[in-house]
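>>> Output the structure for:
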Amino acid sequence: QHLMHASGLRSVMDATAREKWDKAIVAGDVPELTKANILASFDMLFASRAEMFERGVIACFKSLAWDYKTNLPQKFGKRIVVTCLTGYHSHRKCDELDDLVRVLRVLDGKPEPDHRHGTFSMLQASGISYSARRGECENDYLHIRAFKNGNGHVPFKRLDLVERMNRIIAKHFPGCLPEPK
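This is a model prediction of the structure:
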């Protein structure tokens, strides 16, 4: 686990891959700690970056609650409503938002962000936590407004990049977006 954090490879992993990795570590279901096994594991993770990149967008999109008007069933709109942003499942929801930020940064031509300074850290630095659930924070791509019920409203700041992210959704769900004019 220490090697994963120190190497920075955790930053290229999507929420699903991070969760799978963490469960394997807890269960002790890992190969023997040898240089060859470490290199093979890291090479595999690095090689599957593109798959994890798209999978992160799709997983976040699929996890949205469709009973909110701003959560569109065919694409990301101007903003999304994220349920359970604070509370018991907040780490998972923050990981999903980190997946979106990673995609937005890459689409913007910037390097992938360091996972150690992700959404969960940003919420905590703003005083938003399990007990104090209300507040606001932002980065270059998202403005997060957390509410007492644990939900968060997340407007996107760069709609041009959201449109490019919607093309990833359309690639996995053909016909969900209208043809460009």
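>>> Which parts of this structure are strands?
For the chain, the strands defined by DSSP state E occupy 79-82, 135-138, 143-146, 152-155.
>>> Please produce TSV containing those strands, extended by mean neighbour count and distance to F120.
From N, CA and C alone the C-beta is placed, and that goes for glycine too. Output for the strands of the chain, formatted as TSV (neighbours: other CB atoms under 10 Å; distance: least, CB to CB, whole Å):
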stretch	mean neighbour count	distance to F120
strand 79-82	21	13
strand 135-138	16	11
strand 143-146	20	11
strand 152-155	20	12
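>>> confidence score at the residue nearest to V12 when sequence neighbours are not counted?
Nearest-residue entry for V12: R49, 4.9 Å, with adjacent residues in sequence omitted and distances by CB to CB, 6 or more residues apart in numbering. We have a pLDDT of 76 for R49.
>>> How about D67?
Taking D67 on its own, its pLDDT is 88.
>>> Could you pull up the contacting residues of it?
If you count contacts by CB atoms under 8 Å, 6 or more residues apart in numbering, D67 has none.
>>> Tell me the backbone dihedrals of it, please.
phi -90, psi 10 (degrees, to the nearest 10).
>>> same deal with G28?
Dihedral angles of G28 (phi, psi; degrees, to the nearest 10) stand at phi 70, psi 20.
>>> What number of residues are in the vicinity of it?
Taking other CB atoms under 10 Å as the criterion, the count of residues near G28 is 6.
>>> how close does it get to H153?
For G28, the distance to H153 equals 40 Å [CB to CB, to the nearest Å].
>>> Skip the chain neighbours and tell me the closest residue to G152.
In space, and not counting its chain neighbours, G152 is closest to L85: 3.5 Å by CB to CB, 6+ apart.
>>> Model confidence for the one you found, exactly?
So, for L85, pLDDT stands at 89.
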